[in-house]
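Participant: predicted coordinates and the sequence they were generated for:
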Amino acid sequence: MEYLVTMTTHVPDGTSEKAVADIRTREAARSRELAAQRHLLRLWRPPLQSGEWRSLGLFAAADGGELENILASMPLRVWRSDAGHAAVAAPE
C-alpha cells in the first residue's frame, strides 16, 4: 500500500548547527536506504516559510504498522511530526 506523509520538523531552540548538520546527513543517508528498499518512492519539498522544515513523502508499506516502523527509523523523527494518509489511485 502507498502512503502520502506530511513530515514537519521543529528543531528545538538552542540546538547547535553542528547537531542539525549531523542529523540532516544521517537523514539523507537513511532516505537513500529506504529508496533502495523501495519504501521511499518520492520526496517533495513544497514552498516553505522562513524557518519551516516540511516535506511530503510517498512511502510503500504493507500496513500502517510497517509505515510507522519506517518513519521511526528516520533520524529526524526525534524533531518531526508525521501525518500519513493511505494514497488511493485515481480511476483510469
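Facilitator: Alright, I've got the coordinates. Numbers count the residues shown, from 1 in each chain.

Participant: helix or strand right after the helix or strand hosting residue 27?
Facilitator: Using DSSP states H and E, residue 27 maps to helix 17-36. Counting by DSSP H and E, the element after helix 17-36 in chain order, helix or strand, is strand 40-44.

Participant: quick one: contacts of that following strand?
Facilitator: For strand 40-44, the external contacting residues (C-beta atoms under 8 Å, 6 or more residues apart in numbering) are 2, 31, 34-35, 55-60, 70. C-beta here means a position set from N, CA and C on the backbone, and glycine is covered the same way.

Participant: low-scoring stretches of this protein, by residue?
Facilitator: For the chain, residues meeting the criterion pLDDT under 70 lie at 51, 88-92.

Participant: quick one: contacts for the closest residue to residue 74 other than its chain neighbours?
Facilitator: Excluding its sequence neighbours, the residue lying closest to residue 74 (C-beta to C-beta, 6 or more residues apart in numbering) is residue 30, at 5.3 Å. Residue 30 is in contact with 73-75, counting by C-beta under 8 Å, 6+ apart.

Participant: I'd like the distance between residue 30 and residue 75.
Facilitator: Distance from residue 30 to residue 75, counting by C-beta to C-beta, to the nearest Å: 6 Å.

Participant: in stretch 77-86, what's buried?
Facilitator: By neighbour count on 16 or more other C-beta atoms under 10 Å, the buried set for stretch 77-86 is 77, 80, 82, 84.

Participant: quick revisit: which one of the contacts of residue 30 is nearest residue 26?
Facilitator: Distance to residue 26 across the contacts of residue 30 (C-beta to C-beta) is lowest for residue 75, with 4.2 Å.
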